[in-house]
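**Q** need a structure here:
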Amino acid sequence: MGAFHPLNLFLFALSLVAIAANAHNITAILEGFPDYSVYNSFLTQTKLADEINSRQTITCLALNNGAMSTLTSKHPLSVVKNILSLHVLLDYYDPQKLHQIPKGTTLTTTLYQTTGNAPGNLGFVNITDLQGGKVGLGSAIPGSKLDSSYTKSVKQIPYNISIIEISAPIIAPGILTAPAPSASDVNITGLLEKAGCKTFASLLISSGVLKTYESALDKGLTIFAPSDEAFKAEGVPDLSKLTNAEQVSLLEYHASPDYKPKGTLKTTKDPVNTLATNGAGKFDLTVTTAGDSVTLHTGVGSSRVAEAVYDSPPFVIFTVDNVLLPSELFGKSPSPAPAREPVSSPTPTPSVSPSPSPVSEAPSPLAASPPAPPTDTPAGSPADAPTGSSENSTSDNAAGHVSAPLLRTVIFTVFATVVSSVLLS
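**A** This next block holds a predicted model:
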């Protein structure tokens, strides 16, 4: 019974409160800063966001959209991931600490050091307090220059996470030569067959589209693979009646020339390009979300995206419930009939024929219903709430914290129960 002593439960509840207070979500935090939208997107694409969120004491050296665009235009996703992991420090540095470094310089460990691919000091960053109040940053490899400098603070949650902007990416010698994924390392058809997509895999081989998929791997590829059952579903056209060019377009329509994990799809607002996208026809997809569910829309129909059966940047395979039928090949789905406008009272229609109609149309019950009263947005709604400070904020950030209202409710319910137990014991 000692294990269930009220004091032990009380301490356990306090630990839950502490964990909730220290949790953070780098993606949610950066959503409030559009200048870092590209940086935020690549943290998701490379899965570095998950690693950042799993650590309690961390500093992110953020790059603005201009610096990120220059970086990502020159290097494949695998190299971008290595570079960005070098910009994640496994210690807390706010502006004050940067200017109070003992002896004026220090070497700090980065997330790249934990990958096992960083020999020597490759996974460390040199931080040096320069004259004139400037702070320089660069690779810790001997002889490396301080090519970057501290620009400004973005967000701090002491002493949990600090986000600061730097002027340029830190490029350590040798980090750009990290091998990129090769098509020879990935057996696309083998993965598809194991996922129950043998029909789709066979069509890729027979049409030659498999080579198109393989050539896109290095820069990023997302495949939406219909299951074997999807090809047997009612309404799927006879693919043998398509021309070779139409069949190629259909299969290319099932892949996007970018790495789009599920987290990226959930936040996608613009149409998604496919390998079939060209000047003659759009051949794109639109995405909608509902909770954790992601749905693709073609203009002819829609299909749910299942969990990834393979996900290793820059390549991901999803299974989908239905064959994706582009409107450019199969026409658009019929628009729903417009809703009948309500009338103030039913108007009887005189019978044209002397004989009564076998089916008479009853007036709609909606016609006699009064209109709903207008609803005003209550004062103090979240939309009207003031936003928190982005500089050295010590308050909880609802967007950046994992502690959602439900979690807070559960924790404080446990807390209240334990306190009651202690007082009554």
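
**Q** residue 313 and residue 44 touch, don't they?
**A** No: Residue 313 is beyond contact range of residue 44, at 10.4 Å (criterion: C-beta atoms under 8 Å). No exception for glycine: its C-beta is placed from N, CA and C like everyone else's.

**Q** so those two - more neighbours on which side?
**A** residue 44 (21 against 18; other C-beta atoms under 10 Å).

**Q** excluding sequence neighbours, find me the nearest residue to that one.
**A** In space, not counting the residues next to it along the chain, residue 44 is nearest to residue 263; the distance is 5.0 Å by C-beta to C-beta, 6 or more residues apart in numbering.

**Q** what helix or strand is the one you found on?
**A** Element membership for residue 263, per DSSP states H and E: helix 262-266.

**Q** quick one: buried residues of stretch 114-123?
**A** Within stretch 114-123, the residues that count as buried by 16 or more other C-beta atoms under 10 Å are 118, 121-123.

**Q** and the strands in the stretch 51-200 of the chain?
**A** 58-62, 88-89, 105-109, 124-129, 135-139, 148-157, 161-166 (DSSP state E, counting those that start in this stretch).

**Q** show me what the longest one is packed against.
**A** Of the remaining helices and strands, those touching strand 148-157 by 3 or more C-beta pairs under 8 Å, 6 or more residues apart in numbering; DSSP states H and E are helix 95-98, strand 135-139, strand 161-166.

**Q** what do you get for the fifth one?
**A** For strand 135-139, the contact count by 3+ C-beta pairs under 8 Å, 6+ apart identifies strand 124-129, strand 148-157 as packing neighbours.

**Q** partners of the last one, with directions?
**A** It stands for strand 148-157. Paired with strand 148-157 in the same sheet, following DSSP bridges, are strand 135-139 (antiparallel), strand 161-166 (antiparallel).

**Q** same question for the shortest one.
**A** Sheet pairing for strand 124-129, assigned by DSSP bridges, gives strand 105-109 (antiparallel), strand 135-139 (antiparallel).

**Q** okay, the strands of the stretch 51-200 of the chain in CSV with mean pLDDT and distance to residue 232 next?
**A** Formatted as CSV, the strands of the stretch 51-200 of the chain follow (pLDDT from 0 to 100; distance: least, C-beta to C-beta, whole Å):
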stretch, mean pLDDT, distance to residue 232
strand 58-62, 96, 48
strand 88-89, 96, 47
strand 105-109, 94, 54
strand 124-129, 95, 55
strand 135-139, 95, 56
strand 148-157, 96, 51
strand 161-166, 97, 50
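
**Q** ok, the residue lying closest to residue 159 once chain neighbours are set aside - contacts?
**A** Counting by C-beta to C-beta, 6+ apart, residue 159 lies nearest to residue 92, which is 4.6 Å off, once chain neighbours are set aside. Residue 92 makes contacts with 57-59, 158-162, as judged by C-beta atoms under 8 Å, 6 or more residues apart in numbering.

**Q** dump those into JSON lines; add distance to residue 323 as well.
**A** Shown next, in JSON lines, are these (distance: C-beta to C-beta, whole Å):
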{"residue": "57", "distance to residue 323": "48"}
{"residue": "58", "distance to residue 323": "44"}
{"residue": "59", "distance to residue 323": "47"}
{"residue": "158", "distance to residue 323": "52"}
{"residue": "159", "distance to residue 323": "52"}
{"residue": "160", "distance to residue 323": "47"}
{"residue": "161", "distance to residue 323": "44"}
{"residue": "162", "distance to residue 323": "48"}
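
**Q** any idea which of those residues is closest to residue 289?
**A** residue 161 (26.3 Å; C-beta to C-beta).

**Q** any idea what sits nearest that closest one, other than its immediate chain neighbours?
**A** residue 24 is the one closest to residue 161 (C-beta to C-beta, 6+ apart), at 4.8 Å.

**Q** tell me the SS of that neighbour?
**A** Under the three-state scheme (DSSP: H, G, I helix; E, B strand; the rest coil), the conformation of residue 24 reads as coil.

**Q** could you report the separation of it from residue 331?
**A** 48 Å (C-beta to C-beta, to the nearest Å).

**Q** settle it for me: which of the two has more neighbours?
**A** Between residue 24 and residue 331, residue 24 has the larger neighbour count (other C-beta under 10 Å), namely 23 against 11.

**Q** so the more buried one touches residue 49, yeah?
**A** No: taking contacts as C-beta under 8 Å, residue 24 lies outside contact range of residue 49: 10.7 Å.

**Q** list the buried residues of stretch 99-119.
**A** Buried positions in stretch 99-119, judged by neighbour count with 16+ other C-beta under 10 Å: 106, 108-113, 118.

**Q** actually stretch 247-254, sorry about that
**A** Of the residues in stretch 247-254, those buried (16+ other C-beta under 10 Å) are 247-254.

**Q** try stretch 123-134
**A** 123-129.

**Q** just stretch 199-212 next, same as before
**A** 199-201, 203-204, 207, 209-210, 212.

**Q** ok, now stretch 41-58?
**A** Buried residues in stretch 41-58, counted by 16+ other C-beta under 10 Å: 41-46, 48-49, 51-53, 58.

**Q** in helices, which of those residues appear?
**A** Using DSSP state H to define helices, the subset of the buried residues of stretch 41-58 located there is 41-45, 48-49, 51-53.

**Q** closest to residue 73 out of those residues?
**A** Nearest to residue 73 among those, with distances taken as C-beta to C-beta, is residue 42, at 12.1 Å.

**Q** next, the contact list for the closest one, please.
**A** Shown in contact with residue 42 (C-beta under 8 Å, 6+ apart): 48, 68, 72, 77, 80, 84.

**Q** which one among the buried residues of stretch 114-123 gets closest to residue 142?
**A** Out of the buried residues of stretch 114-123, the member with the shortest distance to residue 142 (by C-beta to C-beta) is residue 121, at 7.4 Å.

**Q** wait, that closest one touches residue 141, no?
**A** Yes: taking C-beta under 8 Å as the definition, residue 121 is a contact partner of residue 141 at 5.5 Å.

**Q** check which element follows the helix or strand bottoming out on mean pLDDT in the chain along the chain.
**A** Sorting the helices and strands of the chain by mean pLDDT, DSSP states H and E puts helix 6-22 at the bottom, at a mean of 48. Tracing the chain C-terminally past helix 6-22 and defining elements by DSSP H and E, one meets helix 26-30 next.

**Q** and that next one, what does it pack onto?
**A** helix 37-45, helix 48-53, strand 161-166.

**Q** let's see it at 7 Å
**A** helix 37-45, helix 48-53 (3 or more C-beta pairs under 7 Å, 6 or more residues apart in numbering; DSSP states H and E).

**Q** beta-bridge partners for the residue lying closest to residue 172 once chain neighbours are set aside, please?
**A** The shortest distance from residue 172 to any non-neighbouring residue, by C-beta to C-beta, 6+ apart, is to residue 139 (3.9 Å). Applying DSSP bridges to residue 139 gives these bridge partners: residue 125.
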